[in-house]
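>>> give me a model of this one.
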Amino acid sequence: QVQLVESGGGLVQTGGSLRLSCAASRGVFSNYIMGWFRQTPGKGREFIASISRGGDTTSYADSLKGRFTVSRDNAENTMYLQMNSLKPDDTAVYYCAATINRPGRVVVTSDPEYDYWGQGTRVTVSS
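This next block holds a predicted model:
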């Protein structure tokens, strides 16, 4: 089964940018639909973006469209999340996730449908 490790989180000022990475191992990365979620204390996981197996189709949360961009490099077994114009409300732990057994699906936006999760990387946006 695939293992996922996020990196790239940290402290950034309002208006700044960060790029998160999600490195996958132990699996054929291109077989997985991938997603990004985030979570803050006391709240459930919030969907950010999903990307299809080949990277040609993406889906975003409406509230984040235009600021966040998901991409993947199947040759490098890595997915990315480029985050721009960051706001204090973007402060959260960010998780990547993978799912494989979704016949007919191209992207997946709901967290219960993901099978594998990384440990998370913390992003803090200071005001």
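>>> dead centre of the chain: give me the residue that sits there.
Taking Cα atoms, centre = their mean as the criterion, Trp36 is the residue nearest the geometric centre of the chain, at 2.1 Å.
>>> what helix or strand is that residue located in?
Element membership of Trp36, judged by DSSP states H and E, is strand 33-39.
>>> and that strand, which residues are buried?
By 16 or more other Cβ atoms under 10 Å, the buried positions in strand 33-39 come out as 33-38. Every C-beta, even on glycine, is put in place using the N, C-alpha and C of the backbone.
>>> next helix or strand past it?
Downstream of strand 33-39, the next assigned helix or strand under DSSP H and E is strand 46-51.
>>> which neighbouring elements make contact with that next one?
strand 33-39, strand 58-60, strand 68-73, strand 78-83 (3 or more Cβ pairs under 8 Å, 6 or more residues apart in numbering; DSSP states H and E).
>>> hang on, the earlier thing: and the furthest pair within the buried residues of strand 33-39?
Ile33 and Arg38 (18.0 Å; Cβ to Cβ).
>>> the nearest residue to Glu46 once chain neighbours are set aside bridge partners, please.
Closest residue to Glu46 apart from its sequence neighbours, by Cβ to Cβ, 6 or more residues apart in numbering: Arg38 at 5.3 Å. In this entry, Arg38 is beta-bridged to Glu46, Tyr94, by DSSP bridges.
>>> ok, Arg38 touching Ala49?
No - here Arg38 does not reach Ala49: they are 10.3 Å apart, not a contact under Cβ atoms under 8 Å.
>>> could you measure from the residue lying closest to Gly120 once chain neighbours are set aside over to Val107?
Spatial nearest neighbour of Gly120, excluding adjacent residues (Cβ to Cβ, 6+ apart): Val93 at 4.2 Å. To Val107, Val93 is 22 Å away according to Cβ to Cβ, to the nearest Å.
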